[in-house]
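Visitor: Sequence first, predicted coordinates after that:
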Amino acid sequence: MLRDDTLAGVDSRFVETERLGTHYLESGATDRAGDGGETVVFVHGNVSSSRFFEDVMADLPGRHRAIAPDLRGYGDSEAKPVDATNGLGDFERDLHALLGDLDLAEPVVLVGWSNGGGVAMRYAIDYPEAVAALVLVNPLSPYGFGGTKDVEGTPCFDDYAGSGGGIGNDAFVAGLADRDRGVEGQTSPRKVLRTYYVDPTHEFDAEREESYLTGMLDTATGDGNYPGSSNPSDNWPGIAPGETGVNNAISPKYCDLEATTEIDPDEKPPITWIRGDSDQIVSNASLFDLGTLGRMGELPDWPGEDVFPPQPMVDQTRAVCERYADRGGEFEEIVFGNTGHAPHLEVPGDFGDRLESVLRG
């Protein structure tokens, strides 16, 4: 399905690849990057879509070619189920099939936000020669989401209890399934957008907020997609990852991106890590992490700091980036103040300047 409401300069397109019916947005030099331009591929995060990069694409200088796909189960792409047992592999292979169909012969700049940062890292691991640079925006930890307790990604329990599909909020999932556009309730999609996707002090333009909310509501829900399946566990909080769905694909049981450090030094793309200092989703005290909620007294029977502390997500990413540099790569960490989980929405000018600096090499 093509959109008829895109911003000026951004086109809605659809292609049937060998893996997935994929909707994507495109802007700029549509055949190939123009003189001095680059091809940029934007990869969105969980419970979102290409809509969240549309503003950046509209503002990007026309010499650059920009592409932003909807991942499987999101936006207007096909909602095939996610096999979590290969981590983010389904998303990565879908992306590889799309870029192959678009005949992108030159290496691309990959911009991955949140879970999309994990997809971008996985892509660079498997296809380093195809990546000119990595821009990771508030990325998923290289050790996945939930259930680990130190900078080395050590699991809290052998069965990775406390991560995966079972930790999704039922009321939030129901709001997505019902396409709830209301403002009531702490777990309504609109409330989550306003409170957690950005710093709570950020005010959206009304029209753009509706587009982002649509991007959230276009998420396929259920065991095969978001949040995914789960298994019972004897360990706290009684739930372990299943084998299908998005939140299992990012569980540390299946998601380990530390192999970025092992890319050949001659092929390591430079990494620009951009994050907001008030991110409540990916942080050392994430409000979506059961360790944080247990410490706050929001979940009963928390086993304590020694057993299940908050996951040090930012520290884990920094440790892996430092090993990346020690092994022949390079990275830069950029922190925007008073900014939450979506710097490209909250401080678009500063974000665009940093992205343009990457594109200039």
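Guide: Received it, and whenever you're ready, just let me know what you need.
Visitor: Please make it C-alpha for all contacts and neighbour counts, starting now.
Guide: OK.
Visitor: if I look at the residue sitting nearest the centre point of the chain, how far off is G87?
Guide: The chain has N115 as the residue nearest its centroid, 2.2 Å off, counting by C-alpha atoms, centre = their mean. Applying C-alpha to C-alpha, to the nearest Å, the value for N115 to G87 is 11 Å.
Visitor: Give me the common contacts of the two.
Guide: In terms of C-alpha atoms under 8 Å, 6 or more residues apart in numbering, N115 and G87 are both contacted by the residues I250.
Visitor: Run through the stretch 51-200 of the chain and note the low-pLDDT ranges.
Guide: Scanning the stretch 51-200 of the chain for pLDDT under 70 picks out nothing.
Visitor: Quick one: the helices in it, in order.
Guide: 54-59, 89-101, 115-126, 170-177, 189-192 (DSSP state H, counting those that start in this stretch).
Visitor: residue contacts, P241?
Guide: Per C-alpha under 8 Å, 6+ apart, neighbours of P241: 159-166, 229-231, 248, 251, 253.
Visitor: Show the pLDDT at it.
Guide: Looking at P241, its pLDDT is 98.
Visitor: on that earlier part again, isn't the residue nearest to the centre of the chain up against L140?
Guide: Yes. Counting by C-alpha atoms under 8 Å, N115 sits close enough to L140 to count as a contact (5.2 Å).
Visitor: Identify the contacts common to these two.
Guide: By C-alpha under 8 Å, 6+ apart, no residue touches both N115 and L140.
Visitor: circling back to that earlier point, name the stretch among the helices of the stretch 51-200 of the chain that sits most buried.
Guide: helix 115-126 (a mean of 26; mean count of other C-alpha atoms under 10 Å).
Visitor: I'd like to know which elements it is packed against.
Guide: In terms of contacts (3 or more C-alpha pairs under 8 Å, 6 or more residues apart in numbering; DSSP states H and E), helix 115-126 is packed against strand 39-43, helix 89-101, strand 108-113, strand 131-137.
Visitor: that's a helix at R275, yeah?
Guide: No. Counting by DSSP: H, G, I helix; E, B strand; the rest coil, R275 is located in no helix; its state is strand.
Visitor: So that it lines up with my notes, have the first residue be 42 from now on.
Guide: Right, with 42 as the first residue, what we last looked at is R316.
Visitor: ok, it touching H382?
Guide: Yes. Using C-alpha under 8 Å, R316 is in contact with H382, at 7.2 Å.
Visitor: mind listing what's buried in stretch 51-66?
Guide: 51-55, 58, 60-66 (16 or more other C-alpha atoms under 10 Å).
Visitor: what does stretch 344-356 give?
Guide: Result for stretch 344-356 [16+ other C-alpha under 10 Å]: buried residues 348-356.
Visitor: Redo the helices and strands packed on helix 156-167 as TSV? Include distance to R336.
Guide: Output for those, formatted as TSV (distance: least, C-alpha to C-alpha, whole Å):
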stretch	distance to R336
strand 80-84	33
helix 130-142	33
strand 149-154	27
strand 172-178	27
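Visitor: I'd like the distance between the closest residue to P241 other than its chain neighbours and M257.
Guide: Once flanking residues are discounted, P241 sits nearest to R235: 6.2 Å by C-alpha to C-alpha, 6 or more residues apart in numbering. Per C-alpha to C-alpha, R235 is found 12 Å from M257.
Visitor: that older thread, figure out which of the helices and strands packed on helix 156-167 is closest to T47.
Guide: Across the helices and strands packed on helix 156-167, T47 has its closest neighbour in strand 80-84 (16.0 Å, C-alpha to C-alpha).
Visitor: which helices and strands does the closest one pack with?
Guide: strand 106-110, strand 149-154, helix 156-167.
Visitor: Distance from stretch 62-69 to the middle of the chain?
Guide: Put simply, stretch 62-69 sits 18 Å off its chain's centre (C-alpha atoms, centre = their mean, to the nearest Å).
Visitor: what's in contact with it?
Guide: 42-43, 50-57, 91, 95, 98-99, 101-113, 116-119, 139.
Visitor: Tell me the one of the buried residues of stretch 344-356 nearest D391?
Guide: V355 (21.0 Å).
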